[in-house]
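Q: Fold the stuff below for me.
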Amino acid sequence: MAAKKKTRFPKSIPALARAQRVTEWASGFGFDWPSVDPVWNKIAEEWDELKTAVSSRDKNRISEETGDLLLSLVNLSRFLNVEAEHALSEAVDRFLRRFAYVETKIQARGKALSEATLEEMDAFWEEAKRAERFKQP
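A: As a prediction, the model looks like this:
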């Protein structure tokens, strides 16, 4: 039985971390933007391509363009010295904290979350954001 070929970028690691490793690796060979400015332009280009794909309603194209945009954002995070995986993980945690706040406030009004309007939820969301900012040093 042949041994499994070891890959430098195993699919078993989270996709954002894998993407960041790939862009770091390619950069090591000079396949990189000279500064962060062209990265912003690439993100705008990918954003436009995604909007066009959405207009086409082609699910495969939408998926490809979404992936391209995400990869460009990971590349930006590398330029900004931010670990994309960590940044997204923290963003998800913030979302869950804020949404729990929204749910608690809606329930305190004697309503189920499913009965709340978007305006009510958004108002509590903004309240949660302000409360978080106030707690930060």
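Q: C-alpha from now on. contacts and neighbour counts both.
A: Will do.
Q: Pop the domain breakdown of the protein in here.
A: Domain segmentation of the chain under automatic domain parsing yields 14-82, 85-137.
Q: which residues are in contact with the helix or strand harbouring Glu45?
A: Secondary structure assigned from DSSP states H and E places Glu45 in helix 37-56. Helix 37-56 has contacts (CA atoms under 8 Å, 6 or more residues apart in numbering) with 33, 61-62, 65-66, 68-69, 72-73, 75-76.
Q: got it, and stretch 18-30?
A: With CA under 8 Å, 6+ apart as the test, stretch 18-30 has contacts from 9-11, 32, 71, 74-75, 78, 83-84.
Q: list the buried ones in that stretch?
A: Buried residues in stretch 18-30, counted by 16 or more other CA atoms under 10 Å: 18-24.
Q: Please put the alpha-carbon coordinates of it into CSV.
A: What follows is stretch 18-30, C-alpha atoms only, in CSV (Å, rounded to 0.1, in the frame of the first residue of the first chain):
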residue,chain,number,x,y,z
ARG,A,18,-5.1,27.4,5.0
ALA,A,19,-5.8,30.4,2.8
GLN,A,20,-3.5,32.5,4.9
ARG,A,21,-0.7,29.9,4.7
VAL,A,22,-1.1,29.6,0.9
THR,A,23,-0.8,33.4,0.4
GLU,A,24,2.2,33.6,2.8
TRP,A,25,3.8,30.7,0.8
ALA,A,26,3.2,32.3,-2.6
SER,A,27,4.5,35.6,-1.2
GLY,A,28,7.8,34.0,-0.3
PHE,A,29,8.3,33.4,-4.0
GLY,A,30,7.6,37.0,-4.9
